[in-house]
Every structure is written in C-alpha cells, then in structure tokens.
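Asker: Have a look; sequence and predicted model below, questions after that.
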Amino acid sequence: MDLLLKIWRQKNKTEKGGVQNYRIKNIEPDMSFLEMLDVLNQQLINEGDDPIAFDHDCREGICGSCSLVINGAPHGPDKGTTTCQLHMRKFKSGDTIYIEPFRSSSFPVIKDLVVDRSAFDRIQQAGGYVSINTSGNTVDANATPIPKPDADEAFKSAACIGCGACVAACKNSSAMLFVGAKVSQYAHLPQGKVERNERVINMVDQMDKEGFGSCTNTGACEAHCPKDISLDNIVRLNQEYLKSKIL
Amino acid sequence: MKPNDKKFPIPSKVPDGDIQNKWKKHKGTIKLVSPANKRNIDIIVVGTGLAGASASATLAELGYNVKAFCFQDSPRRAHSIAAQGGINAAKNYQGDGDSNYRLFYDTIKGGDYRSREANVYRLAEVSANIIDQCVAQGVPFARDYGGLLDNRSFGGVLVSRTFYAKGQTGQQLLLGAYSALNRQINRGKVKMYSRHEMMELVVVENKARGIITRNLVNGEIERHGAHAVVIASGGYGNVFYLSTNAMGSNVTANWKIYKKGAFFANPCFTQIHPTCIPVSGEHQSKLTLMSESLRNDGRIWVPKHKKDVEKIRKKELKPTEIAEQDRDYYLERRYPAFGNLVPRDVASRAAKERCDAGYGVNQTGQAVYLDFTSAIYRYGKEKAISTGQDTKNNELIKKLGKEVIRAKYGNLFQMYEKIVDENPYETPMQIFPAVHYTMGGVWVDYNLMTAIPGCFAVGEANFSDHGANRLGASALMQGLADGYFVLPYTIGDYLADDIKTGQIDTNTKDFEEAENKVREFISNILSNDSGNSVDYYHKKLGKIMWNKCGMSRNEKDLKRAIEEIKNLRKDFYKNVFVPGKPNNYNEELAKAGRVADFLELGELFAIDALERQESCGGHFREEHQTPEGEALRNDNEYTFVSCWEFQGKDKKPLLHKEELIFDSIELKSRSYK
Amino acid sequence: MQSSIVKKVLMALSGIFLMFFLLQHLTINLTSLIPDDGKTFNAISHFMGYNPIVQFILQPILIFGVCFHFIMGFILEYQNRKARNKKYIYHKTNSSWISKNMIITGLVILAFLALHFYDFWIPEMEYKYINYEVSDPTKYFHELKEKFYGATYRTAIYCISFILLGMHLNHGLSSSFQSIGVTKSRDKLLRAVAYIYSFGISLGFIAIAIFHYFTH
C-alpha cells in the first residue's frame, strides 16, 4: 500500500518543530506500524537524510517505550494496542496518516517523536513502592493469604506499562490514570496497606509538581490505554487521597 | 583451534564442603564492609533489568552509593519486563515432591551438565526467598481461590514450581525491583542515569574503577568513577538480528569488559525458544515469543502426510479439517515421558527436524502448529461437571473451555491475534523457534566477579547457572537471585580491601585514555557521507548467524561464518553510513556502536561453536548426534567452560578451560523419553 | 487547596450542591403549571423570598456556591490548558464532546445566569432592598407570565440554555460522583441517574418556559 505520512519533526528540545510530508510506497499489510517507520527511515538514510527518531524497544507491547499519536489517537486506532503492535492492515492504501509525539508540558520533546517521560519515574520515586528492605528476611509468601479477587484486581492495575498514553489522550494532560493504577495496586494488597496514606499523598503531590493537569472524567485515558486500565483506578485514587486527608 | 592446555588462571572461589553447606559457609566466612565504610564506597551498576535493578536497590539498601545506568528512557523498560511465563522456586507449595535438590538437579540436567554445580545449588537455595521478597513488595502473583499462591509447570521438569502473574510475570517482577530501586533513588542512595550507554570500562591498576558513558540525549561523553562496576546488561541474542530480545538489547557492556580482560564464557550457548511467532517477511524487525506456559495446554503437531502439507500451504485445507489420525504430534511421539513439555532445546530441534523434512505448515515451510483444541475440550468438560451443566452439549463445553483458556493465557492469545490476524481459539497457532536467551556470557567466579578485579556480572550477562540450555522460568529466578541475594553479599569480599581508597578520581590518565578511545570510535564511525545503513550490516550478520550458527551447526559452515563475519566487519568500518551528529540524540549512532560489537562477538561465537566438538543443550553439532538424531555429549573431552580471553584486535582469542566437577550429581546422558 | 484532587473534589461538591438547588428550583417552578391561577406558586415563591433563613443563610451560601463553582472551573481549566503547552495538530480521542467541553457549556450557563439575574433576581433585589416596597405575595406568577408570554427571543434563549445546562449536568453528575470517589466509573446506575436527572431538569425548565410562552 502507498501512504502519505505527515510526521512531526523537531531537531531538539528548544527548536521549533513542524510537520513534514513523506510519501512511502509498497508497504505490506503484515508489517507493524513501527516496521513501516523503519522502512521510511532506511529510505531517509539512503537519501542521506536524518532518520525520524521515535522511542521503541521491546516491540511486543510490554516495555512501554513506544508512543506516537497516530491520526489523533495515542497508539493509533486499534483499541488495547500499543503502537508497536499496531499493524498496517488497519490502514488502507492512499491513507494520510498524522504522526505526532505525545504532547504534554510535562513530556518535553527530545527529538522528533521522542519525548521525555521521566516525570513518571519521579512520581513513582515519590512513593510507588512498599518500604521493605530487600534482604529476603520476610515472612513466607503464603503466610498472608490474599483473596483471589483482590489479587486479580491488584494485577489488573499493575498491568500498566507506564507509556503515558493516558496523558497524551487526556485533554488536560492528566496523569491520574497512571498514578491511580499504582495506588490501586497497593491499596488492594495487604502489603501495601501499611503506607497507603503517605503513598497517595506523596505521589499526588509529585504529580501536581510535575505540572500534569487534573482529571475531568472524560474517559479518554481509559479509551486509549493500550492495557485497558480502568477509569475505576482514578475513582480509587480519589478515595484513597480523601481518606488519607480526612482520616 | 587447539584448546589451550594451561591450568585455569583464576580461582573460581567455590567453597569446600557439602553442596548444601557451601553457600552458608561462604557467607559466614567472606569479608564484610562495615556500615560506616559502605557510605564511602561507590558502585556502578550498568543495566536495570531484574538483576541490575535488584542489585542496585539492595546495594543501596546496604549503604553503598550506587550509580545505575540504562539506555532506555526509564529503568522500568529493561527487557526483563517482557518475560512472560513465570519464575521457578523450590517452595513445594503443591506438595509434589519439590525440593532445593530437585530444582538444582533439574537445572543441571536441563543445562546438559555444562554449568557450575555450586552456583546452581546456591540458586536453588535462594529461590524460595525470592518469592517471599516479591510478595512482600506487592508483586501480584496469581493465586488460587484459597488465597494462596498458584503454580504452573514448565518444560523439562516433573513438578509444578513456577509462580506466575498471568503472562506478564517478568513485568510484575521487574516493576517490583523497579519499585525497590525507586525507593532508594528517593532516599538519595541511588543516582539513576537513564538514556545513558556504557561505552567503555576504565581499569586502573588492574582494578575496575569506572566507566565512560554517552548521554543518548545530548551526546555528551561522561566519566563515572566507582570502587566496583557491576554489569547487568543482559544477553546478546540480538547478534542474530531477529530474536525475541528488545530492539536495543546489546552486548556492548559485556564486550567492552571482555576487551579489557574479562573472559567471555561459552558464547555459543544460545537458547532457541520453540514457541515464537514465525517470520512473516523481509521487513521483520523482531520476533515475538509465545510463552512456554502455553505448552502446558497446547499440543504441537504437523500433518502426517505431505499431501496435506501441500494443501495447507496452498490454503486449500484448514488445519482444523485434518483428522486426528492424520496428525503427527511429534513431541508426544518422540518423548512420551515429557511430551510437549520437553526442554526448549529439544522442542526447537524437533520442530526444525519436521520442517526440514518438509512438513512445515506455512508458505515458508517454517512453522508448526500449537493446538489448544484438546485443552479447550478438557477444561470445558471439567467446568461443566463442576458447575452441574450439560456435559453432552459440545458447544457449551467449547464455550466454557475457551473461557478457562482465556483466563489463563488471554493476553498471549490477544497478542498472537494482533500480529498474525488469526484467532487462536478457533484455529491452531503457528509457531517456530527463535533466538531467545543466551546462556553464555561473561565468566564469573563464585562471587560473581569477572576476571577483572572489581568488575562483576549478574543476570543473563554472566554465564554461570544455565549451562548449555536454560529451563523455562529460570532466567527471572537467576536475575533476582544474583541481584537481591548473592551479589550484595559477595561484593563485600572484594570491597573490604577497598575501604581506604577514597573517592575515585576521574581526572586521571586512565580515564582520559578510555574517553579518547570512545571519542575516536564515534568520529570514525561518523566519517562516511554515504554508504550502507547500520541495519543493513546487522541484518547481514543476523543471516550469517542464523544460517550457520543457529539451531544446528557444523564445521564447514562455522568456518565459513568466521570468514564471512570478518569480511562483513571490514566492510562495515569502510562503508557504514551513520547520519547525524555526535552531540545530540542520534539513534543510528547508538545502533552503530552496538552493531560494531556484535560484529566482533559473532566471530567469537562461531569460533567457540567450532571449538566445542560435541552437542550439548542449545549447541547442536551435526557431527555429534545419536542415530535417532539426539544430541551427543562428549563428557570426556568437553566437561569444561570455554573461557575466551581477548588478545588484541584481529588476533585469535585465547581459550581457557574451567573444568566442571560434578560431586553431587552423576553425569548422565539427558533423556526426556 | 493546592492539590489537584482537592480542587476537583471541591468542584464536584459545589456541583452536587448546585444540582440539589436546581432540583429544588425546578420543583417550585413546576408549581406554576398547576391550574390554580398561580396560587401555589405564589405561596412558595413568597416563602422563599421572605423567609429569613432562606434569604440570609441559604441564599448567600448559594451565591457563594455558584461563584465558587465558576471560579474553580476557570482555575482548573486554566491549569489544565497549561498542562499542554503545545497543542496537537490533529487530536481525536474517544471521549464524548460534552465531557471535553464543560467549559463551553459552563460559559453558556454563566451568560444565561446573567440574563436570568437581569430578568428576575436584580428586579427582586431592587424591589425588596433598595426601594423597600411592600411585599406583595401574589406578584410572582404574574411576573413570570409577563416575562415569557409571547417573548420569542427570551423563550428561545432560555430553551437553548436549558439544553446546554442539561448537557453540562449529564456529564457533571456522573463526573462529580466519580471525583468524590463514591461510585465506580461507568457505573450503570449512576449513568442512568445522570440521564434521568439531566433530561428532567432540562426538559422541565423548557416545558415551563414554553408553557408560559403560549398561555396567558
């Protein structure tokens, strides 16, 4: 298939960027979206041009490196899919595809489509953990049974890959789905309950410091989350936060 | 190559005594560093996967100052995150006869008797603690309805000892280690350097004293000093270009320390994983694994008759239309005791054997079926009985069965469907082996220290525990064991002599030389204005590796591979074109550095494979097989670890042999029949 | 107050308070449809207008609530816009227009409030507290009729505003309950309540306006 790509190019953090058009031919439907970009990059290199920078690593939808807003949607049109798992069979020949970086004041562009998502790391560093030491001198793993529904719920929240699509999708650039998922995971487990109050306060404080917007429950984050993290996590974040403030 | 017969130059430091007591005794007798002194000692950790993140966190917890480096944009993205199936631990929660000894035995046997006994026993010994630790950290492992931890079983063993979190165990474990790391970053004990690539090791007076890194965002070359350097940069499967590794996974850190004096051990021991999604075309950038856990419930087969194969390839026949008696469940046929759950090397070779014989089921002839029909039926029936529903209604049973399968492997099935565009609930999956893991790596002693004093290697980066073949769900175990429970103890033995050294000065000649070398490489590689892309070379190298050093190897091909790689390398330095500048974000430049190292490693890989004239584990030499086509080991001549020492550019590396002594286990030929 | 969650919870609480007020307002206004020549309507209106608790406690609280909701809405909107310094060229996400444009429906409601105050509240305040006129317990129904009967523009503006109000409430209701963490998201009951409530309020007020437009 032949495509017209409108891709955001930006040399570095400070320089002003803009959209450039690229035509690309003979793309096979079995290619992944990123493989299509690989083909384009090889083409650019062969012409002596600078290839398009984009983040990617595992290419199996789990590391959370890949990003891209494709035709207005983070990770593209396929629900519950990361960009690296999006395949070209979802497009048809002659299509025009807009490719932009994840946009948020808290995710500054490094180059082209690569953005700096270290704000997420800093939020996790503020409290996304259970403060036990790593000596292994803990109780036996089966000493505290955890009801299966709780464990399953915790897992569902823990499935977040930290890609930032929630922020990119949200009109407010809110990171509450990401923060909510981590807070919920621990809130569901007995191990996480000890520090639940400090955790949620510290993480939300850091989130605010990073300059993310606030949630207005539009649901765009959930709709575009490649791991289908539920909006319930934000509700739980609110609950946890209020509890910690009031109680 | 004539093996070098000199005595092994470095003691392996394996303690004396009973295998059960070695680690205990060692821990009790090695030197310690006092808490006050730990505060003055810096440690560099390269890589933040399971081994790197857990090591960084624990070392910081103990009081050392840690600097952790990763090339990804966040430590959470290390490729450990992609591990699917599970993590082994000798907990015996299922009461099926598991024990430390049995895990040890399975691992040694699974590794085809090419690993170091004492290391493997230690691994089995600390395995149970890993699960305790991870649960305490809030890792949401799968649980049964009683609220206790659930297990599944993996290839090459007869017990259920694998703990899992759906098909995302690696993710959950890595996020656990990442959270421990974050806690230490927050405490100020770990300084995290993301998007940094290690470019060189700095050795001062025969001790590892720091590294040179390149900041991948702004291209700055930086010097970092420390009292010890820990390499946790994972495996080198990407030497094959197509593998299940992440795009960025590389051998660079390992290779740099090899060139500074560390030994590279068993480079040819590579694991080819039997259940991956087959290659679909030339454009393919990477391969996707389908967890081994699928072999718990999936049955592997090809058609019995060539005429059916032809029809399937022409799409005139669907796999579901082939009758049961016309299918060849070749693993069940050849290995009745273990069936579909034979170890990975065995399953991969068996698939290759069938495909080479012309029974491959896709257009390229490079695929076999992994079929869930019987499992769906079996689970459906169980569910119907337990919920009191109609057991004669086939549609209902199928529906119930699919639900069970979805709960177990839902995400894997979804992943398959996205990539292949076929529904694996309705039609069998197509799979084919792909490069997945490298058992070989940097040689380390019992303390996990390499041949360079002060330079350590943990996780997949080292060679120690898996011999010639790794069992499923053991990589996560080893990474975390090394990082949480082994290195933090053993590193003290080395650092105890270093407490008076004081801060490492990076304004010295050694640092300057190392930095200049890096700068020189970068300016050289950027000198061409046109030519072939880095990927062009990487793909070529991958083809050589896969065709001549892949699932089966022979003398002629290996010799040819060595020559071809040499030539390719020459061509690379002459004609590679890397666009862009050194002082900003430049992925091509980063890739060029990695591929340059792969081009050297590839040759060593082939040399090692050529030298080892036996078949063992993942290393299959066509010259050495039984009449039935099984691997034929040569214990008399090859019960050793091949440790290669760098001798200089374009010079033949020197082979040292660390003899493997088996006191607690009898060397037997591996049989899964 | 610094925290984003506290802000949005206060936004939600003030919203919920205003929703109760609207329900009350609608209930009273609906009595103007009772065919008793406005007796009931006048009685309740007079009570509301002259009861000291309503006038001097509830009314200031209401005014504060309204102002708070608007000001906080603006602050949040400002901050949320600031969180994305560079806009997308093409952004098309899977979320409803209503949920993404509360500021627009909110601004329309603000403009409507100005008109509504100009129509009713300011004359009333003038009447009571500036001119100190004697209370007339029967004037309310008459005033209402006067404003709407045959007043095409006013009625049209009111009706359009009520539609936008309904949209605002539709998202506002479910959103505020999620914000204070009472329900799960996508809660079916909550969605149903939101639909019933927002349609009810919107259609109720529209019905009243249209009724008085046509009848004298």
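Answerer: In hand now; what should we look at? Numbering: from 1, shown residues only, chains lettered A, B, ... in the order given.

Asker: My understanding was that C:Leu22 contacts C:Ile201; is that so?
Answerer: Yes: if you go by Cβ atoms under 8 Å, C:Leu22 and C:Ile201 touch, sitting 5.5 Å apart. No exception for glycine: its C-beta is placed from N, CA and C like everyone else's.

Asker: Now for these two: what residues contact both?
Answerer: Shared contacts of C:Leu22 and C:Ile201 (Cβ atoms under 8 Å, 6 or more residues apart in numbering or on different chains): C:Leu169.

Asker: any idea which residue sits dead centre in the chain?
Answerer: You didn't pick a chain, so chain A it is. A:Cys163 (2.0 Å; Cα atoms, centre = their mean).

Asker: if you could check chain B rather than the one you did, that'd help
Answerer: B:Tyr437 (3.2 Å).

Asker: elements contacting the helix or strand hosting that residue?
Answerer: In this assignment (DSSP states H and E), B:Tyr437 forms part of strand B:429-438. For strand B:429-438, the elements it packs on are strand B:270-276, helix B:344-354, strand B:368-371, helix B:394-420, judged by 3 or more Cβ pairs under 8 Å, 6 or more residues apart in numbering or on different chains; DSSP states H and E.

Asker: of all the ones you listed, which lies closest to chain C?
Answerer: helix B:394-420 (18.6 Å; Cβ to the nearest Cβ).

Asker: picking that back up, number of residues surrounding the closest residue in space to the residue nearest to the centre of chain B that isn't next to it in sequence?
Answerer: What sits nearest to B:Tyr437 in space, not counting adjacent residues and going by Cβ to Cβ, 6 or more residues apart in numbering or on different chains, is B:Gln271, at 4.1 Å. Neighbourhood size, B:Gln271 [other Cβ atoms under 10 Å in any protein chain shown]: 29.

Asker: now B:Gln271: how far from B:Ala347?
Answerer: Distance of B:Gln271 to B:Ala347, given as Cβ to Cβ, to the nearest Å: 11 Å.

Asker: And the helices in the stretch 1-150 of chain B, which stretches?
Answerer: B:22-29, B:35-38, B:50-62, B:100-110, B:117-136 (DSSP state H, counting those that start in this stretch).

Asker: nearest to B:Asn524, of these?
Answerer: Proximity to B:Asn524, assessed across these by Cβ to Cβ, is greatest for helix B:50-62 (29.6 Å).

Asker: Say whether chain A is contacted by the closest one.
Answerer: Yes: on the criterion Cβ under 8 Å from any Cβ of the partner chain, helix B:50-62 is in touch with chain A at B:Ser54, B:Ala57, B:Thr58, B:Glu61.

Asker: Of the residues you listed - the most surrounded one?
Answerer: In terms of neighbour count, B:Ser54 stands highest of the residues of helix B:50-62 next to chain A at 36 neighbours, by other Cβ under 10 Å.

Asker: Out of the helices of the stretch 1-150 of chain B, indicate the one that is most buried.
Answerer: Ranked by mean neighbour count, those are led by helix B:50-62 with a mean of 31 (mean count of other Cβ atoms under 10 Å in any protein chain shown).

Asker: returning to that earlier point: can I get the helices of the stretch 1-150 of chain B in JSON lines including mean pLDDT?
Answerer: Listed next are the helices of the stretch 1-150 of chain B as JSON lines, based on pLDDT from 0 to 100:
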{"stretch": "helix B:22-29", "mean pLDDT": "96"}
{"stretch": "helix B:35-38", "mean pLDDT": "96"}
{"stretch": "helix B:50-62", "mean pLDDT": "97"}
{"stretch": "helix B:100-110", "mean pLDDT": "96"}
{"stretch": "helix B:117-136", "mean pLDDT": "96"}
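
Asker: Contact partners for B:Gly17?
Answerer: Each residue near B:Gly17 by Cβ under 8 Å, 6+ apart is listed here: B:Lys25.

Asker: SS state for A:Ile110?
Answerer: strand (DSSP: H, G, I helix; E, B strand; the rest coil).

Asker: Looks like the residue nearest to the centre of chain B contacts B:Leu471 (just checking).
Answerer: No: contact between B:Tyr437 and B:Leu471 fails when scored by Cβ under 8 Å: they sit 10.7 Å apart.

Asker: who has more neighbours, C:Leu22 and C:Ile201?
Answerer: Comparing C:Leu22 with C:Ile201 by neighbour count (other Cβ under 10 Å), the higher total belongs to C:Ile201, at 22 against 17.

Asker: From chain B, how far off is that one?
Answerer: 43 Å (Cβ to the nearest Cβ, to the nearest Å).
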